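S.K.: Sequence and predicted model, in that order:
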Amino acid sequence: MEQIAENLKNFLQNVPAEIRLIAVSKRQPEEKLWEAYRWGHKIFGENLVQELVRKKDIFPTDIEWHMIGHLQKNKVKYLVPFIHCIHSVDSLDLLKEINKRAGKINRPISCLFEVHIAQEASKSGIIPDDLKHLLEENPLSQFPFVKIKGLMGMATNTDDTEQIRKEFHSLRQLRDELKQTFFAGNAEFKELSMGMSGDYQIAIDEGATMIRVGTTIFGKRLTK
């Protein structure tokens, strides 16, 4: 398990200090998370609500838990009491549900809009034009318990680095455009969550503020 601490140390030496590393702990054994935590890393990302809630109950309360996977409306209630950030808001219905559940406990929730930037139809996220339409028709003042901090995106799973770069660049351009329009004057709207183990360096080059890295740190995941 000492290898995980070494992986973190080596990884972070090559990542700018201002970039936040979300250590993706999906389907990783608890002892691996403990090793990362003991080394000093306290920001973890999970794709599945059930696994996230289970781990949250086991680990110390000073951990920042990030929801980075597709989120169903009926699972929101389990996250709002403790989640640090939801990266995967991809519909108006989900936005409304987060606001409703967060309002019941008077706890604003930090969120990112997940934007579809990949060529693969299977990837989640809202289409950029649909996101602009959503914001035009539904002012965020209607959702006082949702704090939109930026955008999240996943690039196409390809060896074509120029395609990946183009997709990440498009997400940054969209963030900048929204910053000038719907989020003008909002200093909190700045995050770009993009880049994983295979493409995080391209994401950093294109302006990522958060990267979501799992296997490079923890090794292969457990099978389902």
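M.R.: Ah, there it is. Numbering: from 1, shown residues only.
S.K.: Distance check, the residue most central in space within the chain against Asn106.
M.R.: Geometric centre of the chain, nearest residue: His87, 3.6 Å, by CA atoms, centre = their mean. The gap separating His87 from Asn106 is 23 Å, by CB to CB, to the nearest Å. Placement of C-beta: from N, CA and C, glycine included.
S.K.: Phe182 now?
M.R.: For Phe182, the distance to Asn106 - CB to CB - is 25 Å.
S.K.: Those two: which has the busier surroundings?
M.R.: With neighbours defined as other CB atoms under 10 Å, Phe182 and Asn106 compare such that Phe182 has more, 17 against 7.
S.K.: Show the pLDDT at the closest residue in space to that one that isn't next to it in sequence.
M.R.: In space, and not counting its chain neighbours, Phe182 is closest to Leu135: 4.6 Å by CB to CB, 6 or more residues apart in numbering. Per-residue pLDDT puts Leu135 at 97.
S.K.: Repeat that for Leu33.
M.R.: For Leu33, the model assigns a pLDDT of 93.
S.K.: And the strands in the chain?
M.R.: Assigned by DSSP state E, the chain shows strands spanning 20-24, 43-46, 64-67, 85-89, 109-115, 146-153, 191-193, 210-213.
S.K.: Save the ones you listed as a markdown table, and put in mean pLDDT and distance to Phe168 too.
M.R.: Output for these, formatted as a markdown table (pLDDT from 0 to 100; distance: least, CB to CB, whole Å):
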| stretch | mean pLDDT | distance to Phe168 |
| --- | --- | --- |
| strand 20-24 | 96 | 16 |
| strand 43-46 | 97 | 18 |
| strand 64-67 | 98 | 19 |
| strand 85-89 | 98 | 15 |
| strand 109-115 | 98 | 11 |
| strand 146-153 | 98 | 7 |
| strand 191-193 | 98 | 8 |
| strand 210-213 | 97 | 11 |
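S.K.: Distance to Trp34 for those strands - can I get that in a markdown table?
M.R.: Output for those, formatted as a markdown table (distance: least, CB to CB, whole Å):
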| stretch | distance to Trp34 |
| --- | --- |
| strand 20-24 | 12 |
| strand 43-46 | 11 |
| strand 64-67 | 15 |
| strand 85-89 | 22 |
| strand 109-115 | 26 |
| strand 146-153 | 27 |
| strand 191-193 | 25 |
| strand 210-213 | 18 |
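S.K.: tell me which residues in the helix of greatest length in the chain are buried?
M.R.: In the chain, assigned by DSSP state H, the helix with the most residues is helix 161-180. By 16 or more other CB atoms under 10 Å, the buried positions in helix 161-180 come out as 164-165, 167-168, 170-172, 174-175, 178-179.
S.K.: Next: stretch 28-47.
M.R.: Under 16+ other CB under 10 Å, the buried positions of stretch 28-47 are 28, 32-33, 35-37, 41, 43-47.
S.K.: How about stretch 213-224?
M.R.: Neighbour-count burial for stretch 213-224 flags 213-214, 216-218 (criterion: 16+ other CB under 10 Å).
S.K.: Pull the distance from stretch 183-199 to the chain's centre.
M.R.: Centre-to-centre, stretch 183-199 and its host chain are 9 Å apart (CA atoms, centre = their mean, to the nearest Å).
S.K.: for this protein, which spans come out with low pLDDT?
M.R.: 1-2, 222-224 (pLDDT under 70).
S.K.: Mind doing that once more with 80?
M.R.: Across the chain, residues meeting the criterion (pLDDT under 80) sit at 1-2, 220-224.
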